[in-house]
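Asker: Need coordinates for the below:
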Amino acid sequence: MAREQIKLFDRIISTDGLMGGRPTIRGLRFPVSDVLELLASGMSEEQILEEHPILEKEDIRAVLLYSAQKVDEDLMYE
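Answerer: Reported below is the predicted structural model:
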């Protein structure tokens, strides 16, 4: 895994007691799944960042990378 990807993964944090242990962005109360839902609804990256100033461009990239990795992991264990 490339160094840049590792830095992105560091943005995704799961903490007991925070959002039910769901993966969040930088330990904020912003779950990974919420960003995916916003993207799936058709919002652009720019729209998401404008409506949610707590997020950074790299957070969205981290969410996409994290999600892709999870799909690959799920396929490996089927």
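
Asker: all helices of the chain, in order?
Answerer: 3-9, 32-40, 45-51, 57-76 (DSSP state H).

Asker: what residue ranges in the chain are flagged as low confidence?
Answerer: Applying pLDDT under 70 to the chain flags residues 74-78.

Asker: Try it again at 80.
Answerer: Within the chain, the ranges that satisfy pLDDT under 80 run 1, 72-78.

Asker: Leaving out chain neighbours, which residue sits closest to the spatially most central residue of the chain?
Answerer: The residue lying closest to the centre of the chain (Cα atoms, centre = their mean) is residue 63, at 2.4 Å. In this structure, residue 63 finds its nearest non-sequential neighbour in residue 35, 4.4 Å apart by Cβ to Cβ, 6 or more residues apart in numbering. Using the backbone N, CA and C atoms, a C-beta is placed for each residue, glycine as well.

Asker: Let's have the helices of the chain in JSON lines, adding distance to residue 17.
Answerer: Shown next, in JSON lines, are these (distance: least, Cβ to Cβ, whole Å):
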{"stretch": "helix 3-9", "distance to residue 17": "21"}
{"stretch": "helix 32-40", "distance to residue 17": "17"}
{"stretch": "helix 45-51", "distance to residue 17": "26"}
{"stretch": "helix 57-76", "distance to residue 17": "20"}
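
Asker: Just name the most buried of the ones you listed.
Answerer: helix 32-40 (a mean of 17; mean count of other Cβ atoms under 10 Å).

Asker: Who are the packing partners of that one?
Answerer: strand 24-25, helix 45-51, helix 57-76 (3 or more Cβ pairs under 8 Å, 6 or more residues apart in numbering; DSSP states H and E).

Asker: you'd agree residue 14 is up against residue 24?
Answerer: Yes. The pair residue 14 / residue 24 is scored as a contact, 7.2 Å apart, by Cβ atoms under 8 Å.
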